[in-house]
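Asks: 3D model of this:
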Amino acid sequence: MLTLEVVQLAAASACVYLAYANTIRYGRLPLIIGGIGNLLLYYIMGYFVIILIRYSQGADVWTPMRGMDATQRLWLYIAYVPFLTWPLVLTGALFGYQERRKAQKHEIMTM
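Replies: Residues are numbered from 1 along each chain as shown. Okay, here's the model as predicted:
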């Protein structure tokens, strides 16, 4: 779980870095890297959804909650629920970056 938290914090730092205007000088590179990462996150989310559907239908699939008490499940939810929102947050950050980049490029061209 600690590894997941470190990955989440690294991704959050990258998103915050994208939010600042000084990244405009990197051109399309943040969009390409962020897009690849975002596709990977959507793929992982799809895999989790498939496991959840199979588990809800009564299939015998492995889940991390087997054998956990309520406190352990609470910590599991605390660790994983923020992860479930990352693809949407990263998509928003990339669209914002793209729009800001377009606006700045348009501003430079009209001068």
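Asks: spell out the secondary structure type for residue 66.
Replies: What DSSP: H, G, I helix; E, B strand; the rest coil gives for residue 66 is coil.
Asks: from residue 98, how far out is residue 52?
Replies: From residue 52 over to residue 98 the distance is 32 Å, taken as CB to CB, to the nearest Å. To be clear about C-beta, it is placed using only N, CA and C from the backbone, and glycine gets the same treatment.
Asks: next one: residue 9
Replies: Residue 9 is 24 Å from residue 98, by CB to CB.
Asks: the two: which is more packed in?
Replies: Each of residue 9 and residue 98 has its neighbours counted (other CB atoms under 10 Å); residue 98 has more, 14 against 10.
Asks: wait, that one sits on residue 31?
Replies: Yes - using CB atoms under 8 Å as the test, residue 98 is close enough to residue 31 to be in contact (6.3 Å).
Asks: contacting residues for residue 14?
Replies: residue 34 (CB atoms under 8 Å, 6 or more residues apart in numbering).
Asks: can you give me the distance of it to residue 37?
Replies: Per CB to CB, residue 14 is found 8 Å from residue 37.
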